[in-house]
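**Student:** The following block contains a protein sequence and its predicted model.
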Amino acid sequence: MNFDKLADLLFPNITKNIEDYMQIYPRRNITGEVTRLAPSPTGFLHIGSLYGAIIDYFCAKKSNGVFYLRLEDTDDKREIAGAGQIAYDMLKYYNVLPNEGYRGELSPIGEYGPYIQSKRKEIYQAFCKELVKKGRAFPCFCEKSENKEDILQRREQQLEESGIIAERDVCRTLTYEQIEKNIKDGKPYAIRLLSMGDADKTFEFNDLIKGKRQVRQNIKDVVLLKSNGMTPYPLAHVVDDYLMGTTIVVRGEEWYPSLSQHLEIFNALSLKPMKYAHTPNICKYDEASGTKRKISKRKDPEADVRYFIEKGYMPEAIVEYLINLLNSDFEQWRVNNPHKDVLEFPFSIKKIGSNNPMFDMVKLHDVSKNVVARVPANLLADSIINWAKNYNPKLYTIIANKKDYLTEILRIDRENKKPRKDLGSYDEFESLFSYMFDELYVPISKSFLGADKNTIKNILSQYIKLYNEGDDKQTWFDKIKSLCEPNGYCADMKTYRENPSAYKGSVADVSGIIRIAITDRENTPDLYFISKILGQDKVISRLKDTINRVEQKS
RNA sequence: GGUCUCGUGGUAAAAAGGUUAAUACAUCGCCCUUUCACGGCGGAGUUGCGGGUUCGAUUCCCGCCGAGAUCACCA
């Protein structure tokens, strides 16, 4: 067959050839790595994309290279308006911002655009035409399946009937005359790769994460161009990543099975492929099935990185947790370098394991507590107010104009060598510090550490007489100690431990009872400072209220 | 069903043939702190199973089992 003639029949309007595009997009003149994140605009950024973006970001930054954002919007059925903006905003929020490419409403940066695939149709067609000219692509007039369900059903059927799923396409043997007639008849067609692979043959491939692997040759006649003129992922990937000068393709492991397809396209085009890094998929434990599975958008709210914003996690916390999943020595590095920028961490793509990690919210929370503990009180107050504005309106109305008060609260046991670590996310603030706000304070006084009614009343009423907000800390605590003996408690911890049964309890219990009376919690930061911030009047009235409540409980 | 990937405590994970299998989170206990925390110390708990190679295997090989991914004109 005359392939040039076929190419012109198929692409009469495509005049530029691939050499033209190589001149328009010359090889980059840099030594650093060029990485990219190429999400499809589905309306949210997946936690796995952020995970990959961190790798992209590190690889590019560490080598003085380029990290760019490209939008893979080649499927009009899937596209959601504004989705590209969300992806960009999320990368910005999590501080792994690309330095080239698509930027939402802002104009793109870089000489290798457009960075939106739907605007690159002609380029893909030119490359496709080239493949036709080389006899490596052919038109396919088969009817397409409209939806995923049909496809899965068809696959099931094929498996039942023959045990195999068809690979080579039937249209690959069509003659020029048949093709010409079909086109004249107005039949829609796709363009497919004419695969020359042999399923029994393998080749060696070096994945940056997986290492050296034997990969089976591709035998699928994959679709290069859909009947609507747009290209699906495989050709778009090859063309874009080549033209845009990507040096490392970081993508999820789900792409690994189709790697040989992409490599065959590179090969057919006589282009040299770049390096690849196939990342593990973040999984979670599925309660229903009792197994682990990939985090999915439909089932798991945490698949969408906005989830963590709503929950009030600091972006640094999420990123540090994910880095930990990638390079597990990060944690130790962070302990040794509490205030260094994460970019100084010796990140290595080689240290990424290749099994799929489970997303552990408990561990994330711990990482987050450590991150929050490093933040100065006034900045934390700002962040919490800002967060509440968007995600907790009720709290916002209470704290909006109380930054100084908030800062005072947060400063307790913070900003020292061993800061308190009780706040993991902003949304915990309300329940953790409700007692600092009358609007939020709803005491129930469930338990008083086992003390009986009269003891509680006695201790509290005596404390009311003694309490003076002007006391220094030592005086304050001495007063609490003085309440111990008359009420059957031991003022000295050592003495108490020697013979605990001789007392109702220790000074710890007396402090605890007062703490509960004022805050309705067993755990709070330093009670001395809490009391000072609340003020004499409020402390006294809280104590009186508690006595009344205990009284009524009978 | 085919192909591929991966199996170290509950979770993450180090140890790329060599003392008693690190470490962090979680859990339990003790200690410190005049209270709550923070912190310190310690306990329990792991190499999926079966073979093979080797003086010696978490590490290399084979089989099994298990888990995950993939087999669209979706990315």
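**Tutor:** Yep, that arrived.

**Student:** Would you indicate which residues of whichever strand or helix holds residue A:543 are buried?
**Tutor:** In this assignment (DSSP states H and E), residue A:543 forms part of helix A:536-552. Buried residues in helix A:536-552, defined by neighbour count with 16 or more other Cβ atoms under 10 Å: A:538-540, A:542-543, A:546-547, A:550. In this view, the C-beta of every residue, glycine as well, is placed from N, C-alpha and C.

**Student:** pLDDT averaged over it, what's the number?
**Tutor:** For helix A:536-552, the mean per-residue pLDDT is 89.

**Student:** Report whether that helix contacts RNA strand B.
**Tutor:** No: contact between helix A:536-552 and RNA strand B is absent, the nearest approach being 13.7 Å (criterion: Cβ under 7 Å from any atom of the strand).

**Student:** of the buried residues of helix A:536-552, closest to RNA strand B?
**Tutor:** Within those, distances to RNA strand B taken as Cβ to the nearest atom of the strand reach their minimum at residue A:539, with 13.7 Å.

**Student:** Spatially nearest residue to that closest one, not counting backbone neighbours?
**Tutor:** In space, not counting the residues next to it along the chain, residue A:539 is nearest to residue A:531; the distance is 5.1 Å by Cβ to Cβ, 6 or more residues apart in numbering.

**Student:** Mind telling me what element that neighbour is part of?
**Tutor:** Under the assignment given by DSSP H and E, the secondary-structure element containing residue A:531 is helix A:527-534.

**Student:** list the helices and strands that helix packs on?
**Tutor:** Secondary-structure packing of helix A:527-534 (3 or more Cβ pairs under 8 Å, 6 or more residues apart in numbering; DSSP states H and E): helix A:403-411, helix A:473-482, helix A:507-519.

**Student:** So which bits of the last one are buried?
**Tutor:** For helix A:507-519, burial by neighbour count (16+ other Cβ under 10 Å) applies to A:507, A:509-519.

**Student:** Report the contact partners of residue A:508.
**Tutor:** Remark: with contacts taken as Cβ atoms under 8 Å, 6 or more residues apart in numbering, residue A:508 is in contact with residue A:493.

**Student:** gap between it and residue A:500?
**Tutor:** Noted for residue A:508: a distance of 11 Å to residue A:500, by Cβ to Cβ, to the nearest Å.

**Student:** now do residue A:466
**Tutor:** As judged by Cβ to Cβ, residue A:466 and residue A:500 stand 26 Å apart.

**Student:** still on that earlier bit, so which of the buried residues of helix A:507-519 reach RNA strand B?
**Tutor:** Contacts with RNA strand B within the buried residues of helix A:507-519, counted by Cβ under 7 Å from any atom of the strand: A:507, A:511-512, A:515.

**Student:** Any chance you could give me stretch A:120-131 in PDB, C-alpha atoms only?
**Tutor:** Taking only C-alpha atoms (Å, rounded to 0.1, in the frame of the first residue of the first chain), the coordinates of stretch A:120-131 have been written out as PDB:
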ATOM      1  CA  ARG A 120      -3.100  20.500  20.700                       C
ATOM      2  CA  LYS A 121      -5.300  18.500  18.300                       C
ATOM      3  CA  GLU A 122      -3.300  19.400  15.200                       C
ATOM      4  CA  ILE A 123      -0.100  18.400  16.800                       C
ATOM      5  CA  TYR A 124      -1.300  15.000  17.600                       C
ATOM      6  CA  GLN A 125      -2.800  14.600  14.200                       C
ATOM      7  CA  ALA A 126       0.500  15.500  12.600                       C
ATOM      8  CA  PHE A 127       2.300  12.800  14.600                       C
ATOM      9  CA  CYS A 128      -0.500  10.400  13.800                       C
ATOM     10  CA  LYS A 129      -0.100  11.200  10.100                       C
ATOM     11  CA  GLU A 130       3.600  10.500  10.400                       C
ATOM     12  CA  LEU A 131       2.800   7.100  11.700                       C
END
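
**Student:** How far off centre is it?
**Tutor:** Once both centres are worked out by Cα atoms, centre = their mean, to the nearest Å, stretch A:120-131 turns out to sit 34 Å from its chain's centre.

**Student:** Now do the buried residues in it.
**Tutor:** With burial defined by 16+ other Cβ under 10 Å, the residues of stretch A:120-131 counted as buried are A:120, A:123-131.

**Student:** What distance do you get for the residue of chain A positioned farthest from its centre to RNA strand B?
**Tutor:** Most distant residue from the mean C-alpha position of chain A: residue A:486, 56.8 Å away (Cα atoms, centre = their mean). Relative to RNA strand B, residue A:486 is positioned 17 Å away (Cβ to the nearest atom of the strand, to the nearest Å).

**Student:** List the contacts of that residue.
**Tutor:** A:458, A:462.

**Student:** Grab the nearest non-local neighbour of residue A:462.
**Tutor:** The shortest distance from residue A:462 to any non-neighbouring residue, by Cβ to Cβ, 6+ apart, is to residue A:483 (5.5 Å).

**Student:** What confidence value was assigned to the one you found?
**Tutor:** According to the predicted model, the pLDDT of residue A:483 comes to 88.

**Student:** any idea which of the ones next to RNA strand B among the buried residues of helix A:507-519 is the one closest to RNA strand B?
**Tutor:** Distance to RNA strand B, by Cβ to the nearest atom of the strand, is smallest for residue A:511 among those, at 3.2 Å.
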